[in-house]
Every structure is written in C-alpha cells, then in structure tokens.
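Student: just the structure for this:
(chains A and B)
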Amino acid sequence: MDALIAKADALGPKQKKRKTFHNTTDDSVKKHTAVPKSLQDKNPVLNVPAHKHIANKKLRTELVRSATHTARAKALLEDAEMLLTEDAGLMQAEGGLERTWRVSQSEILVDAGQDATRGRREWKLDGGPYRSRYTRNGRHLAIVGSMGHASTFDPQTGTLHAELQLQETCRDITFLHDHSHFAVAQKKYVFIYDRDGVELHCLKAHIEPTRLEFLPYHWLLASIGNAGYLKYQDTSTGQLLVEHRTKFGACSAMTQNLHNAVIHLGHQNGCVTLWTPNLPHPAVQLLAHLGPVASVSVDPSTGGRYMATAGRDGAVKVWDCRNWKGAVREWSARGGTPEVEWSARGALAVASGGSVNVYTSPTIQQPMHGSTQPPLYLTHPIPSRPLTSLRFAPFQDVLTIGHAAGLSSILVPGVGEPNFDSTEADPFENRKARREKEVKALLDKIQPDMITLDPELIGSLAPEPKLSTTTTFDGKPAVEIPFARLPRLERLRVQGKADETEVVDPDDTAPDGTKFTKEEKERKKMRGKGKSLKRYLRKQRKNVIDPTAVAIRAKLERQREERKARAKEQAGGEPRKASALDRFAKG
Amino acid sequence: MKIRVLQHDPAVHLPQRPGDPTPTSRNLDPLMHPFARARERTRALNAAKMDRMFAKPFIASLEGHVDAVEVLAKQPGSLTTVASGSWDGGVIVHHLARRSRLLHAPQAHKGKVSGVCFSRDGRLFTCGVDRNVKLWSLEGSQTENPQPVTVFSGKSAFNAIDHHNTDPLFATASNLVQIWDETKSLPVSNLTFPTSTETITSVRFNLSETSVLASIGSDRTFTLYDIRTGKAERRVVMQMSSNALSWSPTFPTTVLLASEDHNLYTFDIRHLAAPSQIYKAHVAAVMSCDWAPTGLEFVSGGWDRTVRVWKEGRGHSPEVYHTKRMQRVSSALFTSDARFVLSGSDDGNVRIWKAKAAERLGIVTARERAAIEYRDSLKDRWKMDAEVGRVVRSRHVPRPVYQASKLKRTMLDAQRVKEERRRKHTRAGEAKPKAERKKLVVVEQS
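Tutor: Reported below is the predicted structural model:
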C-alpha cells in the first residue's frame, strides 16, 4: 500500500503556475496592516494635478496631499445633499390660463398646512406706521410704531417678551445678536433694551437715528441719522468704533449685505453708497435715482450679487454689484414710494401704493431693456397706506408688512429657505443652545477692519509685494537677490527708507541761480554759520529718512529763501508790494 | 394650482422626550455660512493664542544631588525609572511618577560619575573616573548606604557606558572602547580604530542591529564598530567634536550627534560623507541629545541653559524650555512614553518637562480631544497667515540667549558677506560656494 501511495505521489500534479517569489515578512505585515474593505475608498479616482513642475519633493507631496484633501471634500459635499430633508414651498400654475398672481391669501390658506396657516396674521395697532424686524432664526419679531409703541414677541407661540410705550418718535428697531437684546432708534438717541424691555444703554453718540442695522458676525450696530453720520458701535465691547460723515444729509434707506457686511445707504440726492468701517469714504458710490432713494435691499440668495433700489420717483431698479454700469432691470411701481425687500431664496417684494407685489428669482435678475415690469408672482392688497416696511421671515414662507394700521403678515409660498443649519440659526433652539451660541459667536467675532467688498480676500494669496529686490549691479542684467544678501543701501531702498533726495549744497548756487565753479564756491563759502546743523545733515544724507532731518532740511531751505529775498531787496530789485502789516515794522 | 407652503415639523426638530438630545440639522450650502473663512481665521488665531497661554511645560524638579548632574539614563521597558549620576560621585534612581528615590548612593564613585545605564533586566551599571564600573541591584535597596553587587575595575578612567540590547554585554569608553561580559571581571575585547590616540567620550549600541556600536571621540571623530568582527569599521573626522550621540529607535541607520559647533546633525550611517539634516537653534555647544521612542522627535540640552525639543526633519525653530534657575544642561532625556522630557543641569537638579508645552495632563474627554485636534489642524492650516503665524512661531527666550543669537546671526552674516566678497575678487569659478552640509565632514576613513 505504501508503495502504491509513494508511486502516486511520485507523479504528482504538473506545476502550472510559475513560481513567484514571496517575501514572507512583507506578506505577514500586509495581512495585518491593510485597511479593511469597508473602510477603503470607494471612488479613489480624483482629478488632482500632479504638480510635476515643482522640483522640491517635500513641497510637491504637501501640495498633492492638500489638493487631494480638497478634491475629496468637494466630492463628499455632494453626499451632503442627503442632509437637506425639508422641501421648499411652491406655487405652480397647472393649466394654461391659471396665473399665480390671481391666487389670494384665502386660497393659499386652504392649501397650507396647520402650522403654516399660523403665518397669516393681522395685527391692528394704533400709533403706526410700523416697522418690524425678525431675529436671524426667524423665531422672534420686533415691531415699533412711529408713535413709540415697541414690542418683541414670538409670533408662532404668541409669547410676548416685552411691550413698551416709549412716548416719543421711534424710527427703527433691530434685534442684536439674538432676541435677548434689541435696539430702538428713538427721537434723539439709540436705546438698547433687554428681552424683558429693561433699558440697558442709551447710545448718546447716535443722534437722531433713522435706521439701524446689526452686523451679527462682527457684533457691530450701525446707525444712520438725520445728520448723515454713519456710526458703528461694537456691542461686545461697547466702544463707538468709527463714525463716517457721509456728506449727503439726512438718510432713511439703509441695508446690509449679509455676505460681506458692507452697509448700503440710499441718499436724498439719489445716490447709493457702500460703506465699510475702515474706509472714511464710500467704497462705491453710484447715482441710482433721480429723486431721493427710498429703500435699498441686497439679494442674499446669490451671495449679495444683486441689489434692488427704490426711489421716491416710483422707480424700482435691480443692480448687479459686480458691474455698476446701469441697472440690470428697472420698472416703475404705481401709487407712490416703493419699499423693496429680498427673500432668502431670491424673491423680491415691492410694496407701493396699496399693494405688495412679489417677483421671483431668475426673471428679476435677467437684463432687460426698457421699463417693463417683470412677471408677477403674487400680489396682495393692503388698504391702510402707507406701507412702510417689508420683512421676510427667515426659514418660513411669510412676509410681514408694516403699515399705518399695524402689521399684517401674509403667506408667500416658496420664498423661505427650507433647511436651516443649527450651527448658524436654529428656529427650534432651546435656552441652553442659545447661550452656547452666544459664547461661540463672541469667540468667533471677526475684527471690524476685516470688512471688505470681497469677503474671499481673507485667506487668499497675498498680492506680489510692490517692493522688489531685483537689483542691477555694475551694469549687469537685473537679478533677483534675496533681501538678506543685499548691500545696506539697497536694503534701505527696498524697505522704502532710503533717502532718494538729491544732495543739494546751499553753497553751490549763486543768488541769481547760476552754479558756482569750484574755486568760487570755496571763496564764497559761508563759514561758521549753522555748521553743526549742516554737519548733522551731511551725516544723515543718503540714509534713513527721519523726521528731524526732514524738519532741519526744511528750516535751512526756508532760511535760504529768506536770505535770497533779503539779498534781492538790498540789490534794489523790484520794490516789494506794500503790505497792511508794514505799519508794525520797526523804524 | 399647486400650492405648498413651507412648514417645519416640530416632532423632527424638538426632542421626543425630556432629556433627549436636541436634534440638529445641517445645511452645507456656502451661502448659509457667510464669513466662513474669516471666522475660521479668528478661530485659528484664538487657538494659537490659547496654545501659548497654556504653554506651561515645567512640571517638577527632582533634587538630591550635591553637585551638577552629569548623566541621565532611563530603564528600557519602564516608564518611571530614571537614573542620574552627578559630579560628586552620587547616583540616584528616581521614580518619576511618585517623585521618590528607588536607590540613593551618595558615594557610588570617587569623583565624577561619567556614565549610567540599565540592563534589560533592570540592573544598573554606573562608571566613573575612579576607573570602576559598578553593578547595582534595585531590589531591596532601601538601605542607607547601598553597596554594589559587582565592581569591575579597569585601567583608565571611564567616560561612558552602554549596555547591549539583548546579550549580557556592556561597552565602556575610555581611551578605547571595551566590551565586557557581565560575568567576567576583565573586558572580553578591546575595540579601537588602528591609528587612534584619542579619548572616547561616548559610546552607544545600535538598538536594532545590536552588535553595531558607535562612539565619539575628542579627536572630532565619530567611529562605528562591530563586535562580531571586533574592530572599528568606519570613522569620520568632523570640523568640531561632538558631545553626545543617540541612535534613532525607529530608523536603525540614523544616528544623531550633538556637536560643539551649536548644531545637531543626523547621519545616515550608509552615507557618512554628509549629514542628512542639520538642526540649528542652540547658541552654545549642545551637550546632550536623546530621541523620543517614536523617532519623530528628539530633545537636546545645551551649554546655553536651554532645553530644546525638535521634530525629526525640521532643522529650525524647535520648542525651547528654560527657567531662571536652570544652569548649563549637561544631560537631556525623553521618557519612554514620549510625553515628558528630563533635563539634568549644572545646578544639581533633574527637571521634568512636558514634551508638548501646552498639553493637558490628566484625563481628556473625547469632546475635549476632538476640540484639541480641531485647534491643532486650524493652527496648521492658518500658519501662513501673518498674525497667526507670528503667534505660533514666537517664543520668549532669556535675554542672554536672545542677545547671543543676535550676535551669532550678525557674525554668520558677516562671514557670509566676506566669503561672497572674496569670491567676487577671485578668478571666476575658482572659489565655488560649498553647501552647508558638505562643510562638516573633514575626512571619512575605513
């Protein structure tokens, strides 16, 4: 039997595969260190530049790694759409004859859900006209009537936070970072109240304010008043940061661009100006209307690309903020001074005369010649004129209109952003979350001098420095030499500290302006006078510019001028003109 | 007419039962997050500032030596046991966690204790200028005046000692390198480079290629030996002598030298013609160096009274530690968990420092850990920003160190300028500039 088995073994199977060399160490290491299949990248093919032009290997690896990281993050962002669970509202015409603008509020109410119908409200209040403002999460509403009735409340639950009868003219109201504080522009000053309506501060620097804006990421309260001063107050430190004199007189149209914190002002002479705290003059100034500007609004849905303005002349204009050459679209609203407001999803509401018109997004931003009105989306008549304020509620399909007889909020399907982000603004946040957010926001406060027209400026590549270290030596072609290796004079030049003024020796020229020869100069040299000064200057020459040297140089220059003038007079040149001061002259 | 009005379902956005976490929702649309970059920069700046605020690296000082601490050694395989030897001949074995002494021999040697090391099984070897190597046992050594287990006597004063990683062998350095067996009273072999007449100042066994050892000598040399062949394999003569050497625990071919010329050098022993990296920051001679067990960091102590913690491969701006009372640092050590750094200095103290200055000791919760990691990545991402980078980079150093570094920079600049002028006035192509790494090694012998 054994022999048989041995014989069978002797044949054996024929080796089919070529033997491959196995590194046992390598294999055992691989088995234990490989990433499990479930964790392996499913789609590792990323379009990443290879950076082959970069010779430095370390730098190249670093660049490729960061580019891969960015590409992967971008790819993952597509998956993040799963997080968007809620659907936006909408209103669509189905038949050929149906028009959305024919739909009235009562019809919308029939189709709206139980919770959504709570958005349709009428507040009949005395002491109008009223202005209103929502918090950033859209939960709380602050209203103020021009006769001094101010109130903050939660319109959904009907909780009243504060109700004040201020007994004087109030022109605007705004919440600060959240509903725990609000500011009211009263007759003389701006006052800050807490949630319960207790007066906390009277900002006496803000005189006769007409409009208020709060920049939430910078913690700045901006106000403009009848005197035409734009003032920024830091509400985290309490300092009055800066005040800009607009030189345009009283102003009653103000808005902020949410995406770059630039303040837009509309003035009496038809100008619209854009302001940042670090510029003493407007960053942009354009003549928008022929009469006074009544209202300004910036489109938040396109990152602040479009601006709408309304003038007292009844014109409504939409502007492209990248290119100010003429309005993208303009039309005239009937029946008086229009008020404009842009919603989070890009719907524009225009209130004029006795009605509110809403236009939707793509058509109002398309360039159009002539003054045709864009297709109307929704209209709602309000009999109590004037309509003074329009506010869209964030994260809801609600538009609140302030007018002479109080406020009314209407449902406008499809204007509200459906998906909120809890880290930014959460309508459902509880007390603890609100407090947490307040602290986080204070820690993340952006410095006011970082406000620019282009918010992407921060973190982008710095421009090429104006001072270049390119130098020419001894008539050779220009070469780039590192700063540390430049000779001292060149370093000063690069730093902008070199004294480039020509060396002028006062002894060089005769009184009549001709140059002395060397012998003449030696002969006529003024000895003794101001020697130490001149020695000092000679030492300082071709050196660092320093204020004392400049002052001394100026003084010497002045003395020389005087000397020249005196010499001229003595030489009997043209007689000096008689002056009124001559009577005090001695002798 | 199709009409739908937006409404949020409170059941989705509010906690179901009291005590439940509040549901959060995210929308990653960039328009929902204005000023994302600016806010992130602010956060990075705050992170950098917090890092500097919490940078309190000093933990404790272990006293006990009468004179300057000359050597430090950690026990392999132990996180807490560290031995220190002093100029007065005293040896102390410290327990770091309890900050107590496991062994205290005030008169272990006559004169300076020049080397201490541990064997794998935890016994302590010390050598001194009194020509003795003594072997101590840590068990039952609570007596007032402990006595060594064995004494090996040599012919000349010893300068350093190191134990073999696996075998019961140890090497001593005097005017030659001697290999000893623990069980024999005389050295088993003498290793020396044929033409050498120098004093060997330090000797170290390689950690993974255990039969290879390296030494540095007073003739500005670095020598490699193999105990299998029993002779010196390779020798390099450098511009200035080295004070300490340390083998990398993770890259077996990498060795770190602490040089008298204020720099540290790593060499790949396969290419001894030039160092693989130069580490420049000390303003006086570097007296000691030691790798972290991860091989990613190392510590150095210098004559300029500072301890510096370096990252492998980054030749500048190390973390710098100093105190008012710390004198010349003659020995520095990374602990086996890579979290702490020890320094022994001329004032007779052994100091414990954190390896990461702003690290929090104690238990760190998962949320805290996540926040720390986020802050670290923010700092890394925004380090090119002028303001953030300035906060991250700048370190306060004592005035003498600052002045010395300024003076050093001026001198180096002047040297460079002189070199450039000289080159400008020699015939073209005759005086080519020499790379900094090529300047170090004078000659390589084998």
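Student: show me how the chain divides into domains.
Tutor: You didn't pick a chain, so chain A it is. A:100-432, A:499-570 (automatic domain parsing).
Student: to clarify, I was referring to chain B.
Tutor: B:37-55+B:361-392, B:58-354.
Student: ok, back up a step: and of the domains of chain A, who's closest to B:Met384?
Tutor: domain A:100-432 (22.7 Å; CB to CB). C-beta coordinates here come from the backbone N, C-alpha and C atoms, glycine included.
Student: pLDDT of that closest one, averaged?
Tutor: Mean pLDDT, computed over domain A:100-432, is 94.
Student: how far does that domain stretch from start to finish?
Tutor: 42 Å (CA to CA, to the nearest Å).
Student: before we move on, the earlier item: can I get the domains of chain B in a markdown table including mean neighbour count and distance to chain A?
Tutor: Shown next, in a markdown table, are those (neighbours: other CB atoms under 10 Å in any protein chain shown; distance: least, CB to the nearest CB, whole Å):
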| stretch | mean neighbour count | distance to chain A |
| --- | --- | --- |
| domain B:37-55+B:361-392 | 15 | 5 |
| domain B:58-354 | 20 | 9 |
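Student: turn those domains into CSV, including mean pLDDT.
Tutor: What follows is the domains of chain B, written out as CSV (pLDDT from 0 to 100):
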stretch, mean pLDDT
domain B:37-55+B:361-392, 95
domain B:58-354, 94
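Student: mind putting these into JSON lines with distance to A:Gln114?
Tutor: Rendered in JSON lines, the data for the domains of chain B read as follows (distance: least, CB to CB, whole Å):
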{"stretch": "domain B:37-55+B:361-392", "distance to A:Gln114": "38"}
{"stretch": "domain B:58-354", "distance to A:Gln114": "60"}
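Student: rewinding a little: most tightly packed of the domains of chain A?
Tutor: Of all those, domain A:100-432 has the most neighbours on average by mean count of other CB atoms under 10 Å in any protein chain shown, namely a mean of 20.
Student: got phi/psi on A:Ser146?
Tutor: phi -70, psi -20 (degrees, to the nearest 10).
Student: that one and chain B, how far apart?
Tutor: 32 Å (CB to the nearest CB, to the nearest Å).
Student: for the stretch 101-250 of chain A, what spans make up the strands?
Tutor: All strands of the stretch 101-250 of chain A, identified by DSSP state E, counting those that start in this stretch, fall at A:121-124, A:130-134, A:141-145, A:149-154, A:159-165, A:170-175, A:181-186, A:190-194, A:199-203, A:209-215, A:220-225, A:229-234, A:240-245.
Student: report the beta-bridge partners for the closest residue to A:Leu200 other than its chain neighbours.
Tutor: Leaving aside its sequence neighbours, A:Leu200 sits nearest to A:Ile192 (CB to CB, 6 or more residues apart in numbering or on different chains; 4.8 Å). When assigned by DSSP bridges, A:Ile192 has beta-bridge partners A:Ala183, A:His201.
Student: chain B contacts on the stretch 451-587 of chain A?
Tutor: Taking CB under 8 Å from any CB of the partner chain as the contact definition, the stretch 451-587 of chain A meets chain B at A:Pro455, A:Glu456, A:Ile458, A:Gly459, A:Ala484, A:Arg485.
Student: can you put these in CSV and add neighbour count, secondary structure and pLDDT?
Tutor: Formatted as CSV, those follow (neighbours: other CB atoms under 10 Å in any protein chain shown; DSSP: H, G, I helix; E, B strand; the rest coil; pLDDT from 0 to 100):
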residue, neighbour count, secondary structure, pLDDT
A:Pro455, 21, helix, 88
A:Glu456, 13, helix, 87
A:Ile458, 18, coil, 88
A:Gly459, 15, coil, 85
A:Ala484, 11, helix, 73
A:Arg485, 14, helix, 74
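Student: residues contacting the spatially closest residue to A:Met147 that is not a sequence neighbour?
Tutor: Distances taken as CB to CB, 6+ apart put A:Gly127 closest to A:Met147, at 3.3 Å, once the chain neighbours are dropped. Residues in contact with A:Gly127 (CB atoms under 8 Å, 6 or more residues apart in numbering or on different chains) are A:Gly145, A:Ser146, A:Met147, A:Gly148, A:His149.
Student: can you give me the distance of the second one to A:Ser389?
Tutor: Okay, so that is A:Ser146. 11 Å (CB to CB, to the nearest Å).
Student: any common contacting residues for these two?
Tutor: With CB under 8 Å, 6+ apart, A:Ser146 and A:Ser389 have common neighbours A:Pro129, A:Tyr130.
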